[in-house]
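>>> Let's see this in three dimensions:
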Amino acid sequence: MKVLIFLPSLEVGGAEQQAVLIANNMAFEGHEVSLVIFKDGGRLIDKLDQTRITLVVLPISGPISAFFALSKLVSICPGYNPTVIYSMLPPANLMAGILGLFRKNLRIIWGIRSSIFSTKVYSMKVQALYWLETKLMWMANGIITNSVAGRQKIPDRHFRPGRVLTVPNGVDSTQYYPDKAARETLRKQYHLTPDIIAIGTVARLDPIKDQFTFLRAAAKFAAEFDNSKFFIIGDGNPTYKSQIEALIQELQIFNRVVLISSILDINAANNMLDIMTLTSISEGFPNAIGEAMATATPCVATNVGDCEYLVGDPELLCQVGDDRALCAIWRCLADKKLRAKKGHEAYERATQHFSVDKCIQSTTAFLGKF
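Model prediction:
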């Protein structure tokens with residue numbers, strides 16, 4: 001099978017990581033895979049197996065460059081002669097859809113990576129892209145969602161038997177696994193003695209991730225437990241980052257919170273933590289939770305998207321914005337034996353239910369139908 005994968009960029013992100021994972025595995029299995037991105041560079045470029053995959057870069061910075069990129073795609077597609085085009089995220093989905101209007105023989109599969117949420121936290125440009133994606137789903141011959149919640153984003157008129165498939169993200173157990181040595185090394189680096197409870201959130205700095213709730217819960221927990229330290233791991237919106245820093249000062253927990261803008265070894269970071277937490281106001285299928293579960297780190301999350309299905313434990317879920325309930329869950333997990341039990345259960349669930357093999361097999365079979 002010849003597959004063209006469209007992606008906005010190879011910057012670090014959940015969809016981008018899954019796209020690289022799918023591309024690498026499909027190429028390894030013998031499929032002819034090419035990846036088209038619309039922004040040059042990106043930290044994930046080194047993760048792409050370019051010995052088997054052709055990388056095509058068509059930079060887009062505005063309407064004029066978008067027109068030239070589309071023109072280039074129209075001209076080069078016959079040479080690639082793809083069996084199917086698989087795109088992810090609104091900019092790439094829309095580009096693939098428009099391309100399909102010019103090349104009627106192309107089979108277009110859209111990847112819907114988010115669930116229903118208020119886009120008001122985003123710029124007008126991003127809001128417009130998500131709105132267009134919803135309205136123009138008729139352009140796609142098929143749709144793959146990574147969450148049941150994401151399926152709800154698809155209007156019923158587009159939901160025909162065999163046309164939409166939900167494929168949970170695959171958790172790569174060769175990259176994310178329990179690592180005692182990595183845990184001890186990183187805890188030593190951040191001066192975490194064995195008695196300190198390290199609670200962290202691994203997510204881009206973005207209002208949709210709601211690190212504010214994490215910090216408010218941290219302030220409550222810190223008042224009860226002197227042996228606690230909190231980590232916000234991720235980079236992103238500079239304005240939002242400044243607001244996070246201001247809230248840390250306001251809550252007077254500046255000596256208890258560590259901001260880590262960039263960390264190369266996420267597996268080590270998850271192993272360092274005693275509790276991983278995600279306080280998003282919306283999710284599809286959050287990679288960050290699955291990756292932490294694979295390291296046997298207990299995970300607490302807001303009950304959004306497919307977090308309930310992924311975590312598989314109602315005791316570890318709270319409602320959006322409920323910092324009191326979040327702190328109460330942490331309080332229970334302050335018990336070391338309970339943490340170990342929940343961590344083991346998380347590891348078993350991640351490795352048994354969300355394997356890369358299942359993800360690749362389901363995706364490849366669906367793409368081959370068209």
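>>> so where's the stretch 1-150 of the chain shaky on pLDDT?
Residues of the stretch 1-150 of the chain meeting the criterion pLDDT under 70: 115-122.
>>> Please enumerate the helices of it.
Secondary structure of the stretch 1-150 of the chain by DSSP state H, counting those that start in this stretch: the helices cover 14-28, 63-80, 90-102, 124-135, 148-151.
>>> In TSV, list the ones you listed along with mean neighbour count.
In this view, the C-beta of every residue, glycine as well, is placed from N, C-alpha and C. Listed next are these as TSV, based on neighbours: other CB atoms under 10 Å:
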stretch	mean neighbour count
helix 14-28	22
helix 63-80	13
helix 90-102	20
helix 124-135	14
helix 148-151	20
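>>> Can you lay out the ones you listed as TSV showing distance to residue 188?
As requested, the helices of the stretch 1-150 of the chain are exported to TSV (distance: least, CB to CB, whole Å):
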stretch	distance to residue 188
helix 14-28	28
helix 63-80	48
helix 90-102	42
helix 124-135	40
helix 148-151	39
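>>> Now residue 230: which helix or strand?
Here residue 230 sits within strand 228-233, counting by DSSP states H and E.
>>> That strand: partners in the sheet, and parallel or antiparallel?
Within its sheet, and counting by DSSP bridges, strand 228-233 is paired with strand 197-202 (parallel), strand 257-260 (parallel).
>>> Can you pull out the residues in contact with it?
The contact list for strand 228-233 (CB atoms under 8 Å, 6 or more residues apart in numbering) reads 190, 192, 196-203, 205, 211, 214-215, 218, 221-222, 244, 253, 256-260, 263, 269, 272-273.
>>> Repeat the analysis, applying 7 Å as the threshold.
With contact meaning CB atoms under 7 Å, 6 or more residues apart in numbering, strand 228-233 is reached by 192, 196-202, 211, 218, 221-222, 244, 256-260, 263, 269, 273.
>>> What average pLDDT does that strand get?
Averaging pLDDT along strand 228-233 yields 98.
>>> Same question for stretch 174-187.
Averaged over stretch 174-187, pLDDT sits at 97.
>>> residues of that stretch that come out buried?
Residues of stretch 174-187 classed as buried by neighbour count (16 or more other CB atoms under 10 Å): 176, 177, 178, 179, 182, 183, 186, 187.
>>> Same question for stretch 350-369.
Residues 350, 351, 354, 355, 356, 359, 360, 362, 363, 364, 366, 367 are the ones in stretch 350-369 that count as buried (16+ other CB under 10 Å).
>>> again with stretch 266-285
Neighbour-count burial for stretch 266-285, with 16+ other CB under 10 Å as criterion, is recorded at 266-285.
>>> Narrow those to those in helices?
266, 267, 268, 269, 270, 271, 272 (DSSP state H).
>>> for this protein, what spans make up the strands?
Taking DSSP state E, the strands of the chain run over residues 2-7, 32-37, 53-57, 84-88, 108-112, 142-145, 164-166, 197-202, 228-233, 257-260, 275-278, 299-302, 317-318.
>>> Between those, which one is closest to residue 290.
With respect to residue 290, and counting by CB to CB, the nearest of those is strand 299-302 at 8.7 Å.
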